[in-house]
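[1] the sequence and its predicted three-dimensional model are supplied below.
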Amino acid sequence: MAPEPLSHDWLKQFSDPYATLGLSVAADERRLLKRYRQVAKRLHPDVQANNDESTQELARQIITRLVNPAYQRLKIDKSRSETLATLRFKVRRLTRQSQLNPTSELAKALFKAADTEVDVFYEQALDQLAEGQYESVETFEQITPQLAELNLVYLRRKMGEPVIREKRTGLVAASTVPAAPVGQPKHQPNDAQSNGKAPLPPNYAERHIERAQEYLQKGNHNQAVQELRDAIRIEPSNSHFHSLLGRAYLMQKLEGMAKVHFRQALKLDSNNALARKYAPRLGIELQSAPNGNTKGKRQGNRGFFGLFQKK
């Protein structure tokens, strides 16, 4: 629990303004303002009116001493550029000293993610963490350092490349189809050729899925995850592939990673049966059920710092 009043040492932990706001380092002004308004609304005195005086004071201190300064720092182009330069310098220093060693599961996974997955994975992981960042002082203390670590790992993966502000059309998508596996014939005649028709291209994604299922049957979860990740690189918008990967991560007890892919599966197909099966277990809100009912919603809406009250 944070000391009351908030001490300088406690505040100093949250030096990354992007992490404080739960914001991507690639966010533009529009997204910055939207996120700031979301957080400020949750901390507003009117929302805190029903809480005790100490909780109201805590909310006031966090918005005035952390949230507002972070927003002021990022809304100006020059200071935003300086902030990114500072973070990149920190990444280079930690890299030279071999001290950039991620500790959270999501940061570790981002560090190892394929180049074609880095942007999408980073945004999904960040959204997942930011969703619960301001539920309580405890979650703020736990999640904000994870967001800061995620930002450093992302910048490390993009080292040597400029940070491009996100496009309004959405996330970066998909990779190219890889070459045929070693030893696989590049050309095989099939029935379509014998009938004078153009041959169908081989479905490499399905091959990865088949191998993943074989690995899962043998209990080799690590290899299964790799095959499923390869399949998603080929077909990043395939809801079924994301749900299979979510289940594979769940078998490894990596619930954070599982949640990322089950959420993506539901985003692509809200009726994905496998994702819907595990969503309640992981606390994923189901927007619409096949029968028209909504399940898995959080009960009630206590606002932001109503959640800071002790249970």
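    Received, thanks.
[2] distance of Ala148 from Ile62?
    Taken as CB to CB, to the nearest Å, the spacing of Ala148 relative to Ile62 amounts to 16 Å. Quick note: C-beta positions are derived from backbone N, CA and C, even for glycine.
[3] between the two, tell me which one has more neighbours.
    Shown here are Ala148 and Ile62; by other CB atoms under 10 Å, Ile62 has more neighbours (24 against 21).
[4] can I assume that one is in contact with Leu11?
    No - in this structure, Ile62 is not within contact of Leu11 by CB atoms under 8 Å, at 9.4 Å.
[5] look at Ala174 and report its pLDDT.
    What the model reports for Ala174 is a pLDDT of 41.
[6] how far does stretch 71-86 sit from its chain's centre?
    Centroid displacement of stretch 71-86 relative to its chain, using CA atoms, centre = their mean, to the nearest Å, is 23 Å.
[7] list the buried residues of that stretch.
    Going by neighbour count (16 or more other CB atoms under 10 Å), the buried part of stretch 71-86 is 71, 73-74, 80, 83-84.
[8] spit out the contact partners of Tyr215.
    221, 223-224, 227 (CB atoms under 8 Å, 6 or more residues apart in numbering).
[9] buried ones among the residues you listed?
    221, 224, 227.
[10] of all those residues, which comes closest to Ala258?
    Nearest to Ala258 among the buried ones among the contacts of Tyr215, counting by CB to CB, is His221 at 11.7 Å.
[11] need the contact list for the spatially most central residue of the chain.
    In the chain, the residue lying closest to the centroid (CA atoms, centre = their mean) is Ala125, at 1.2 Å. For Ala125, the contact set (CB under 8 Å, 6+ apart) comprises 106, 109-110, 150, 260.
[12] what's the answer for Leu106, then?
    Per CB under 8 Å, 6+ apart, neighbours of Leu106: 125, 128-129, 146, 150, 256-257, 260.
[13] among these, the buried ones, what's the PyMOL command?
    In PyMOL, a selection of the buried entries from the contacts of Leu106 looks like this (16+ other CB under 10 Å):
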select buried, resi 125+128+129+146+150+256+257+260
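[14] hmm, back to that, state the distance from the residue nearest to the centre of the chain to Ala113.
    Per CB to CB, Ala125 is found 10 Å from Ala113.
[15] give me the common contacts of those two.
    Common neighbours of Ala125 and Ala113 (CB under 8 Å, 6+ apart) do not exist.
[16] for Tyr249, see how far away the residue nearest to Gln252 when sequence neighbours are not counted is.
    In this structure, Gln252 finds its nearest non-sequential neighbour in His221, 5.0 Å apart by CB to CB, 6 or more residues apart in numbering. His221 sits 8 Å away from Tyr249, going by CB to CB.
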